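1. 3D model of this:
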Amino acid sequence: MSSTPTEYDVIVIGGGPAGENAAAYAIAGSDRTAAIVERELVGGECSYWACIPSKALLRPGHVLAAARTMPGVSATGLDVAAVLRRRDAFVHDHDDSSQVDWARHSHIEVVRGAGRLTGERLVEVDGRQLRARHAVVLATGTTANVPDVPGLRAALPWISRDVTNLHEVPRRVALVGGGVVACEAATWLAALGAEVTMLVRGSAVLASAEQFAGERVAATLTQAGVRVRFGTEPTAVERPAAVATGEGWIHGGPATVRLRSAEGESEIVVDEIVVAAGRAPTSAGLGLATVGLPGGYVTVDDHLTVGGVTGEWLYAVGDVNGRVALTHMGKYQGRVCGDVIAARAEGRPLDDGKFFASSDHGKVPQVVFTAPEVASVGLTEAAARAAGHAVETVELDIVVAGSSLTRDDYAGHAKLVVDSATDTLLGATFVGPDVGEQLHAATIAVVGRVPLATMWHAVPAFPAVSEFWLRLLEQRRA
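-> Below you'll find the model as predicted:
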């Protein structure tokens, strides 16, 4: 073990998008130095095992569905091998050299290995000692939970990173969960030809969204051949013993999944089990105890500074801080965090709004890339009422010239949640094909607290799908 630490101004543990942004913003336009410590691939979970590969798998199915509704367009089906090759191209065959080149071009050194805190401003990476002059940033993300179901772990189930990187499409799949990851995975697996059974413990998919969103996604999944079983959970899994190969362990054949529901006990036989049942912070090996912190999520303030630590040197961004588990919000936090570190290093005050991660609170945008898409920002009606707001809602189906021209079977729905005391938007949810492209206008309105009376003068172009905004406002004025 080296005795003299290598010094940097900023050390970031975790090279995903949140950590990359924190490092880049912390040293931008200065002579400060930074290092990113990464034990896997620079670019992180999103680039190689989550957002990017999942959307690469989803898009061909969406395009095919749209083509099949368009007179004059011939659409025969998906070339699975070509779809998987395109996915592989987007994840660069798990080669992070382009991300490493970006880091070097940005004057950030990449340190390979598992980093852990060993004291104030001290980080150890596989025996190598590093010291930060100004800041250490934790950006290690989360890992998938596997429920403690007898026989499940021994059956070698897939988690999210396995199903996004599949090389062959299983014939029969049991998918445990009803959230975003589960719904998106069910969408592309069905489009690629798998027989999917979703095991949803509750009574709805996308349970935290507006009710109509989950209902429409569940209906479309069912139409696509997915068996959505509500109120159902696995109680045991049986599978032939795993077999060792030169590349690791593989399962021994089909699995029998025993189930419990209100209708009683049952079982299904599948070729793969996909677990999408939540995530946990990747903080167990971070050495938090060496600086007096408990395990679990790392609590931060709106400067992304970790509480309970002497001095303002430790930060946490992205999923590991438990605020919002979305890549774009982690990137946002990284930018705020980097700006805060730079200001503190230069002795500047933190009075400007850019130094506060304010959009984490009730202003978060999200797109679920199912069929139909679900795009939302801010508070649902239930959340707004629970927060004590004076709530008014406006909703209607998306039926305008632009939607009809987009595809013959266009079906969508929009809902606004309005604070009637201030005439501003608290939240919005849109469901329909490609509605994610409609979301940013709502995000600006929520973040900017734009009065609906002012939004009336933001005229949507014709004939675009965004004309539904005008119909929503017209309905409220009626």
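
2. okay, Tyr332: pLDDT?
-> Looking at Tyr332, its pLDDT reads 97.

3. burial count for it?
-> Residues within reach of Tyr332, counting by other C-beta atoms under 10 Å, total 21. Glycine gets a C-beta too; all of them are placed from N, C-alpha and C.

4. Does it lie in a helix or a strand, and which?
-> helix 327-345 (DSSP states H and E).

5. which residues in the stretch 201-350 of the chain form helices?
-> Along the stretch 201-350 of the chain, counting by DSSP state H, counting those that start in this stretch, helices occupy 211-223, 327-345.

6. Now do the shortest one: everything it contacts.
-> Outside helix 211-223, the residues within contact range by C-beta atoms under 8 Å, 6 or more residues apart in numbering are 183, 186-187, 190, 198, 204-207, 228, 368, 370-372, 374, 376, 411, 413, 415, 429, 431.

7. Of the residues you listed, which belong to helices?
-> Judged by DSSP state H, the contacts of helix 211-223 include Cys183, Ala186, Thr187, Ala190 as members of helices.

8. Which ChimeraX command selects the buried ones in these?
-> Buried residues among the ones in helices among the contacts of helix 211-223 (16 or more other C-beta atoms under 10 Å), as a ChimeraX selection:
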select :183,186,187,190
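
9. Out of the ones in helices among the contacts of helix 211-223, the closest to Leu314 would be?
-> The nearest member of the ones in helices among the contacts of helix 211-223 to Leu314, counting by C-beta to C-beta, is Cys183 at 35.9 Å.

10. Out of the helices of the stretch 201-350 of the chain, the one nearest Val123 is which?
-> For Val123, the closest of those is helix 327-345, at 15.2 Å, according to C-beta to C-beta.

11. can I get the CA coordinates of that closest one in PDB?
-> C-alpha atoms of helix 327-345 as PDB (Å, rounded to 0.1, in the frame of the first residue of the first chain):
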ATOM      1  CA  THR A 327     -30.500   9.900 -14.600                       C
ATOM      2  CA  HIS A 328     -31.500  13.400 -15.700                       C
ATOM      3  CA  MET A 329     -32.000  14.400 -12.100                       C
ATOM      4  CA  GLY A 330     -28.600  12.900 -11.200                       C
ATOM      5  CA  LYS A 331     -27.000  14.900 -13.900                       C
ATOM      6  CA  TYR A 332     -28.800  18.000 -12.700                       C
ATOM      7  CA  GLN A 333     -27.600  17.400  -9.200                       C
ATOM      8  CA  GLY A 334     -24.100  16.900 -10.500                       C
ATOM      9  CA  ARG A 335     -24.200  20.300 -12.200                       C
ATOM     10  CA  VAL A 336     -25.400  22.000  -9.000                       C
ATOM     11  CA  CYS A 337     -22.800  20.100  -6.900                       C
ATOM     12  CA  GLY A 338     -20.000  21.000  -9.200                       C
ATOM     13  CA  ASP A 339     -20.900  24.700  -9.200                       C
ATOM     14  CA  VAL A 340     -21.100  24.600  -5.400                       C
ATOM     15  CA  ILE A 341     -17.700  23.000  -5.100                       C
ATOM     16  CA  ALA A 342     -16.200  25.600  -7.500                       C
ATOM     17  CA  ALA A 343     -17.700  28.500  -5.600                       C
ATOM     18  CA  ARG A 344     -16.500  27.300  -2.300                       C
ATOM     19  CA  ALA A 345     -13.000  26.600  -3.600                       C
END
